[in-house]
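Visitor: give me a 3D structure for the following:
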Amino acid sequence: MKKIAFLGGVALSLVAGTASADVYGFKGSDTLFGLLTDAINLAGLSGEIQYLGGGTGLGETGLIEGTQGIAGMSRAPTAKAIEAAAAKGITLTAHVVGLDGVSIFVKADAGASQIDVATIKSIFGGVDGSGSEAACADPARVTRWEQIAGSTQTGPLRILRRNDDSGTTDAFKSLTGVKGFCADVLPQAGTADIAVETSTDVTAIAFAGLSGFRPGANKELAVAKSPEGPFVLPSETTIRTFAYPLARR
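Guide: Numbers count the residues shown, from 1 in each chain. All right, here's what the predicted structure looks like:
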């Protein structure tokens with residue numbers, strides 16, 4: 001399976017622009033970077049348009065501001081965005097173009113192979129997932145490798161995440177119940193940054209779309225809805241059937 005994904009937000013009221021010799025760049029989900037770049041190249045339009053990525057939020061803002069008429073998004077447009085666009089006479093319509101999984105990445109030789117949603121929630125959002133100072137400082141919060149069931153690795157976790165421009169961040173919150181992030185969860189600008197960090201730092205743990213996978217360098221943890229399992233790896237089959245707990249449209 002080619003690990004790409006998934007949701008395109010399209011402004012039906014496209015904004016007309018003046019002709020320019022410059023290549024026109026538009027923003028959107030990093031998860032869709034490969035897919036949309038391939039589409040542009042296959043259409044023979046690489047000399048005219050370029051997909052810049054940067055995050056779903058940036059693409060959504062571009063739709064609302066009328067600076068672009070289409071955006072690759074890894075989540076549906078928010079109610080707030082739909083309302084803001086409508087106030088400007090723009091109708092946003094989401095078209096599902098594929099499926100993806102939000103992956104939990106660690107280095108390929110890290111001593112963990114699986115994790116449950118409650119543990120993910122504790123790592124990123126504190127004991128109650130709220131991201132509050134109290135929840136994040138609670139001694140019961142999972143902050144060390146040995147607190148992950150089945151881990152053979154010890155020591156503190158270095159916790160990374162996609163930034164707030166990312167639709168993957170919104171999807172991750174929705175799928176895990178995390179409401180806010182602890183202060184020690186370090187935001188990264190793009191999926192490529194997550195891929196590099198989890199490929200080079202054995203203490204790192206992070207979430208990103210499937211396109212963050214680097215065979216032989218980092219790996220995806222099998223995820224379970226409860227500590228009892230079953231633990232499921234993201235694959236074409238498990239994402240198509242939504243057996244993988246962090247599958248998304």
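
Visitor: from here on, just use CA atoms for contacts and neighbour counts.
Guide: OK.

Visitor: which strand in the chain has the most residues?
Guide: In the chain, with assignment by DSSP state E, the single longest strand is strand 100-107.

Visitor: and that strand, which strands flank it?
Guide: As defined by DSSP bridges, the strand partners of strand 100-107 come to strand 204-209 (antiparallel), strand 218-220 (antiparallel), strand 247-248 (antiparallel).

Visitor: just put those strands in a markdown table and tack on mean neighbour count and distance to I90.
Guide: A markdown table is the format used below for the strands paired with strand 100-107 (neighbours: other C-alpha atoms under 10 Å; distance: least, C-alpha to C-alpha, whole Å):
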| stretch | mean neighbour count | distance to I90 |
| --- | --- | --- |
| strand 204-209 | 26 | 29 |
| strand 218-220 | 24 | 39 |
| strand 247-248 | 22 | 26 |
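
Visitor: from the contact counts, what lies against the helix or strand containing K27?
Guide: Following DSSP states H and E, one finds K27 within strand 24-28. On a contact count with 3 or more C-alpha pairs under 8 Å, 6 or more residues apart in numbering; DSSP states H and E, strand 24-28 meets strand 49-54, helix 56-65, strand 70-73.

Visitor: a markdown table for the ones you listed, including mean pLDDT and mean neighbour count?
Guide: Shown next, in a markdown table, are these (pLDDT from 0 to 100; neighbours: other C-alpha atoms under 10 Å):
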| stretch | mean pLDDT | mean neighbour count |
| --- | --- | --- |
| strand 49-54 | 92 | 20 |
| helix 56-65 | 92 | 24 |
| strand 70-73 | 91 | 29 |
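
Visitor: in stretch 224-231, what's buried?
Guide: 224-225, 231 (16 or more other C-alpha atoms under 10 Å).
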